[in-house]
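Undergrad: curious how this folds, go ahead:
(chains A and B)
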Protein chains: 2
Amino acid sequence: MRQDSEFADPLQALAHDLQDDLKIVDELVHQRAASDHVQRIGQVAGHLFTAGGKRVRPILTLASARLFNCEGINHIRLATALEFIHTTTLLHDDVIDRSSRRRGRPTANLLWDDKSSILVGDFLFARAFQLMVATSSVDALTVLADSSAAIAEAEVLQLARQHDTGISEEDYFRIINGKTAALFATGARVGALIAGAGAADCRAAEKFGKSLGISYQIRDDLLDYIGTDKSLGKNVGDDFRDRKVTLPLLRAVQSADVEERAFWNRVIDRGQQREGDLETALSILQSRNILEQVQAEAEAWSNSAIDELRHLPDHPIRGRLRRLAEFAAHRGV
Amino acid sequence: MRQDSEFADPLQALAHDLQDDLKIVDELVHQRAASDHVQRIGQVAGHLFTAGGKRVRPILTLASARLFNCEGINHIRLATALEFIHTTTLLHDDVIDRSSRRRGRPTANLLWDDKSSILVGDFLFARAFQLMVATSSVDALTVLADSSAAIAEAEVLQLARQHDTGISEEDYFRIINGKTAALFATGARVGALIAGAGAADCRAAEKFGKSLGISYQIRDDLLDYIGTDKSLGKNVGDDFRDRKVTLPLLRAVQSADVEERAFWNRVIDRGQQREGDLETALSILQSRNILEQVQAEAEAWSNSAIDELRHLPDHPIRGRLRRLAEFAAHRGV
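TA: So this is what the prediction gives:
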């Protein structure tokens, strides 16, 4: 598999179509991710924002709003709020994972300290809250509040069940929903909602975002075992070495014989890894066709996302979203 | 000075008057500080809630709502949301301060880990957000969003300027506002607001809460230098040893001669403390009448709080709030 030009950068194509709106989002990010009284807030937040980032979530909100010909400023506010909520999770995650690099730069917790990352994260969440409230849309606020709770719940679940190969597939999906799909779904939904779309349209937009996010995350988990593209900033086996129980591993455990089960228990649950273990893991995944199975799962979610698009208005942006969903399950390598 | 029976437990008297509402708040706390899917959330949050806590913020919301004869459930939701926001700050503060005890028990970060405290804190904030949104009051949401931002901003400011005797009094007040007074003010304000009080009444309730909170916090900072009551869970000199720049110290630095300035720089800014330094600090505070000055400041804010009460409806609860404001500046020792 190679990076197919048909799938090349559908997100960038969307960003191009939505560039006027995105420019205002960037201005609002710049303006609101700072405080007149406390320099450090602007420093820590600015460090993360100037490093770039794909801006998937605000793009989904803006795209969804555009499908329904949204005007005004409220979709911009919500797009910015989503980027802030996402940034809060990044800041807190980097403290929790003791990460040292993010977006090709040292993390804020490394440059400043854990405390600054926790508190600036809290500040950005409060800023997101202010932006959402400024729309006066109780419906959008309800969706965003529920989503925030689901995200935090999934984060605690991930922590409580880390390194546990006995985790259920239901909990794995709850975790990747919280980690990725929930904000994709919410972004797409509130874009439609604030544009005045009806309940069925809002639901379709949400389902599109959710399926897109799950496909994206499963592909991400797979790439950790098959990827060769250094530009993703990942190395094959990172998740294995971090003892993360992702779908490839979960499926391998489900179909393991006694000997394999002992292997997974040793390397993941107990974390006693030796040289050659990654190679053993990869050969089990290959012999049991796990990688194909997981890829099929990513594609099934991508197809679900594309199916949902049929319920949404016929619009050039819809074509872009279709290519984004195709890309989600095929990117990388 | 001794614990005057006139001032004894005015908060408990309020809790008694509001016991029916408080019981529903407690039920809602119990119900919402948990998750069906993730046991650890209920464990960590439950650990903190079952340890008690004074419930000042929800009491202020309920009291303020009662002054305006509030009915329904929305003031209960807001009171619960305030307790959750407060709990988020406690969980995150204990990680940041590496605290090991809270409410007479080991902290959550000690019993579980920092990660659980950060993420369960985030979850409780999301729960607060859900409760606030359930009221459908955009006005209340606006007040709470602004307050959340001010609180997080003050937390970062406190971190950025810790151990810095050069901090301005303006920044000291910004910090104690964020740490204590903002949620007191917001609690009182949204109680009135959700009860349908007019703009002037809401402002008076907010000013009462703010002045009460500032008085309370200044008295707290003073008690760290004069307190003898072990029941407060404090020992004289804790703030000094932690190199916290509170009002007593700030005033001492402002009126310091060259020799004293060198002393404060050594023990606070550079943190080079030796045996006998606390005694030196106390004798400087006494010789310059700092403790009386700071007590006068606490009383002035207490009086401001009492003044604001005149604008609020004549009601038995108002008498209780008056005694609470008197108590704020005189409690402890």
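Undergrad: and after the longest helix anywhere in chain A, which helix or strand comes next?
TA: The helix that spans the most residues within chain A, counting by DSSP state H, is helix A:199-226. The helix or strand immediately downstream of helix A:199-226 is helix A:238-241, counting by DSSP states H and E.
Undergrad: can you mark which positions in that next one are buried?
TA: Neighbour-count burial for helix A:238-241, with 16 or more other Cβ atoms under 10 Å in any protein chain shown as criterion, is recorded at A:239-240. To be clear about C-beta, it is placed using only N, CA and C from the backbone, and glycine gets the same treatment.
Undergrad: how about stretch A:117-126?
TA: Judged by neighbour count (16+ other Cβ under 10 Å), stretch A:117-126 contains these buried residues: A:117-126.
Undergrad: quick check, it touching chain B?
TA: Yes: with Cβ under 8 Å from any Cβ of the partner chain as the measure, stretch A:117-126 is seen reaching chain B through A:118-120, A:122-123, A:125-126.
Undergrad: excluding chain neighbours, what is closest to A:Leu18?
TA: Leaving aside its chain neighbours, A:Leu18 sits nearest to A:Leu62 (4.7 Å; criterion: Cβ to Cβ, 6 or more residues apart in numbering or on different chains).
Undergrad: could you measure from that neighbour over to chain B?
TA: 22 Å (Cβ to the nearest Cβ, to the nearest Å).
Undergrad: that residue is in contact with A:Ile24, isn't it?
TA: No: if you go by Cβ atoms under 8 Å, A:Leu62 and A:Ile24 don't touch, sitting 9.6 Å apart.
Undergrad: up against chain B, what does the stretch 51-200 of chain A have?
TA: Within reach of chain B by Cβ under 8 Å from any Cβ, the stretch 51-200 of chain A has these residues: A:88, A:92, A:95-96, A:114-116, A:118-120, A:122-123, A:125-127, A:129-130, A:132-133, A:136, A:138, A:141-142, A:144-146, A:148-149, A:151-153, A:155-157, A:159-160, A:171, A:174.
Undergrad: among the residues you listed, which lie within helices?
TA: Judged by DSSP H, the subset of those located in helices is A:88, A:92, A:95-96, A:114-116, A:118-120, A:122-123, A:125-127, A:129-130, A:132-133, A:138, A:141-142, A:144-146, A:148-149, A:151-153, A:155-157, A:159-160, A:171, A:174.
Undergrad: quick check: A:Arg318 vs A:Arg310, distance?
TA: 9 Å (Cβ to Cβ, to the nearest Å).
Undergrad: more neighbours: which of the two?
TA: A:Arg318 (16 against 11; other Cβ atoms under 10 Å in any protein chain shown).
Undergrad: looking at the stretch 201-333 of chain A, what residue ends up closest to chain B?
TA: Per Cβ to the nearest Cβ, A:Asp242 is where the stretch 201-333 of chain A lies closest to chain B, at 14.2 Å.
Undergrad: what is the neighbour count of that residue?
TA: As a burial measure, A:Asp242 scores 14 neighbours (other Cβ under 10 Å).
Undergrad: for A:Asp164, same thing?
TA: For A:Asp164, the neighbour count with other Cβ under 10 Å is 12.
Undergrad: for stretch A:206-225, the distance to its chain's centre please.
TA: Relative to the mean C-alpha coordinate of its chain, stretch A:206-225 is positioned 8 Å out (Cα atoms, centre = their mean, to the nearest Å).
Undergrad: now stretch A:267-275
TA: 28 Å.
Undergrad: so which bits of that stretch are buried?
TA: Buried residues in stretch A:267-275 (16+ other Cβ under 10 Å): A:267-268.
Undergrad: what mean pLDDT does it have?
TA: Per-residue pLDDT values across stretch A:267-275 average out to 96.
Undergrad: got the end-to-end distance for that stretch?
TA: Using Cα to Cα, to the nearest Å, the end-to-end distance of stretch A:267-275 comes to 11 Å.
Undergrad: what lies in contact with that stretch?
TA: A:163-166, A:240-241, A:243, A:245, A:249, A:266, A:277, A:281 (Cβ atoms under 8 Å, 6 or more residues apart in numbering or on different chains).
Undergrad: kindly report the same for stretch A:244-251.
TA: Taking Cβ under 8 Å, 6+ apart as the rule, stretch A:244-251 contacts A:161-165, A:167, A:169, A:172, A:218, A:221-222, A:224-225, A:239-240, A:253, A:264, A:268, A:281, A:285, A:288, A:290-291, A:293-294, A:297.
Undergrad: buried stuff in it?
TA: For stretch A:244-251, the neighbour count (16+ other Cβ under 10 Å) marks A:245-251 as buried.
Undergrad: now, those residues that are in helices?
TA: The helices, defined by DSSP H, take in A:247-251 from these.
Undergrad: pretty sure A:Gly271 sits in a helix.
TA: No: per DSSP: H, G, I helix; E, B strand; the rest coil, A:Gly271 lies outside any helix segment and is coil.
Undergrad: distance of it from A:Arg243?
TA: 5 Å.
Undergrad: A:Lys23 too?
TA: Distance, A:Lys23 to A:Arg243, by Cβ to Cβ: 42 Å.
Undergrad: hey, what's in contact with both of A:Gly271 and A:Arg243?
TA: By Cβ under 8 Å, 6+ apart, the residues touching both A:Gly271 and A:Arg243 are A:His163.
Undergrad: for the stretch 1-150 of chain A, give me the ranges with low pLDDT.
TA: In the predicted model, the stretch 1-150 of chain A carries pLDDT under 70 at residues A:1-8.
Undergrad: excluding sequence neighbours, find me the nearest residue to the residue of the stretch 151-300 of chain A at minimum distance from chain B.
TA: The nearest approach of the stretch 151-300 of chain A to chain B comes at A:Ala152, 3.7 Å away (Cβ to the nearest Cβ). Closest residue in space to A:Ala152, ignoring its immediate chain neighbours: B:Phe123 at 3.7 Å, by Cβ to Cβ, 6+ apart.
Undergrad: can you pull the contacts of the one you found?
TA: A:149, A:152-153, A:155-156, B:35, B:41, B:45.
Undergrad: and these, which two are furthest apart?
TA: Greatest spatial distance among those (Cβ to Cβ): A:Glu155 and B:Ala45, at 14.3 Å.
Undergrad: which residues do A:Leu62 and A:Ile24 both contact?
TA: Residues touching both A:Leu62 and A:Ile24 by Cβ under 8 Å, 6+ apart: A:Ile76.
Undergrad: neighbour count winner among these two?
TA: A:Leu62 (30 against 16).
Undergrad: how about the contacts made by that one?
TA: A:18, A:21-22, A:25, A:75-76, A:79, A:191.
Undergrad: in a helix, it, correct?
TA: Yes: counting by three-state DSSP, A:Leu62 is found in a helix.
Undergrad: quick one: it from A:Phe68, how far?
TA: Distance from A:Leu62 to A:Phe68, by Cβ to Cβ: 11 Å.
Undergrad: mutual contacts of these two, please.
TA: Listed as contacting both A:Leu62 and A:Phe68 by Cβ under 8 Å, 6+ apart are A:Gly191.
Undergrad: save the contacts of stretch A:267-275 as JSON lines, and put in distance to B:Ala185 too.
TA: Listed next are the contacts of stretch A:267-275 as JSON lines, based on distance: Cβ to Cβ, whole Å:
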{"residue": "A:His163", "distance to B:Ala185": "45"}
{"residue": "A:Asp164", "distance to B:Ala185": "44"}
{"residue": "A:Thr165", "distance to B:Ala185": "50"}
{"residue": "A:Gly166", "distance to B:Ala185": "48"}
{"residue": "A:Phe240", "distance to B:Ala185": "51"}
{"residue": "A:Arg241", "distance to B:Ala185": "49"}
{"residue": "A:Arg243", "distance to B:Ala185": "47"}
{"residue": "A:Val245", "distance to B:Ala185": "46"}
{"residue": "A:Leu249", "distance to B:Ala185": "50"}
{"residue": "A:Arg266", "distance to B:Ala185": "56"}
{"residue": "A:Asp277", "distance to B:Ala185": "57"}
{"residue": "A:Ala281", "distance to B:Ala185": "56"}
